[in-house]
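Asks: here is my input, please return the structure:
(2 chains)
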Amino acid sequence: KQEVTQIPAALSVPEGENLVLNCSFTDSAIYNLQWFRQDPGKGLTSLLLIQSSQREQTSGRLNASLDKSSGRSTLYIAASQPGDSATYLCAVSLVGNTDKLIFGTGTRLQVFP
Amino acid sequence: DGGITQSPKYLFRKEGQNVTLSCEQNLNHDAMYWYRQDPGQGLRLIYYSQIVNDFQKGDIAEGYSVSREKKESFPLTVTSAQKNPTAFYLCASRGPTGRPSGANVLTFGAGSRLTVL
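Replies: Here you go, the predicted structure:
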């Protein structure tokens, strides 16, 4: 059974720091992996999607990497800003059932001025 | 602007009542999904539909029902059989983005918070 874990559960950093959020999954037979952002009481916004054949994806100050063999993904946020404060979730979709996303429990990030 | 609209945003229900959460999308997406989110847990899939007039159970379908009579609409009914319905409910749809990879990305609504009194 695929399980997705995110560490740390919460993170508080000063503005300007570079930071790394971690996501690990138990079964390497994934179709793709997505990173989402969720603001309090809101829906999810897709940030980056990495196909299983890819190693990384970049969007602005965000960079997501994927190491399928070790079951790990990282989300790197450069030069963090208070507006980055949110919960970040990763989710994997499964080979043979791409409609079913398995979500991690998220990392709650606070960036203070 | 294209997107997903969920209503109501907040809903209170007495025990034993059925309630229906609305989800409408104007993205022309074929696939639609319902997730449940509880504090400290990841999102869990309730039901999904890949095409009109067809839907499949997710991991926690018991106590819920759905319909997909129109491409744009995928309402979720929380029945009295659902023993612990207080949660945040999220609707999503999936379709191609304009990205070069052609990867399908999930688009989420703003959510509906259901509280049982």
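Asks: okay, and the helix or strand of the chain with the least pLDDT?
Replies: Picking chain A for this. strand A:97-103 (a mean of 84; mean pLDDT, DSSP states H and E).
Asks: um, chain B though
Replies: Per mean pLDDT, DSSP H and E, strand B:104-108 ranks last in chain B, at a mean of 84.
Asks: hmm, who's touching that one?
Replies: Residues outside strand B:104-108 that contact it (CB atoms under 8 Å, 6 or more residues apart in numbering or on different chains): A:34, A:36, A:43-46, A:49, A:98, A:101, B:3-4, B:25, B:27, B:29, B:31, B:33, B:90-97, B:99. The C-beta positions use only the backbone N, C-alpha and C, and glycine is treated the same way.
Asks: what does stretch B:12-23 give?
Replies: Contact with stretch B:12-23 is made by B:4-8, B:11, B:32, B:34, B:73-80, B:85, B:89, B:91, B:109, B:112, B:114-117, as judged by CB under 8 Å, 6+ apart.
Asks: which of those are close to chain A?
Replies: Restricting those to those near chain A by CB under 8 Å from any CB of the partner chain leaves B:Ile4, B:Gln6, B:Gly109.
Asks: any chance of these in CSV, plus pLDDT?
Replies: Below are those laid out as CSV (pLDDT from 0 to 100):
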residue, pLDDT
B:Ile4, 95
B:Gln6, 97
B:Gly109, 95
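Asks: distance to A:Thr26 and neighbour count added to those, as a markdown table?
Replies: Output for these, formatted as a markdown table (distance: CB to CB, whole Å; neighbours: other CB atoms under 10 Å in any protein chain shown):
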| residue | distance to A:Thr26 | neighbour count |
| --- | --- | --- |
| B:Ile4 | 31 | 22 |
| B:Gln6 | 32 | 22 |
| B:Gly109 | 29 | 25 |
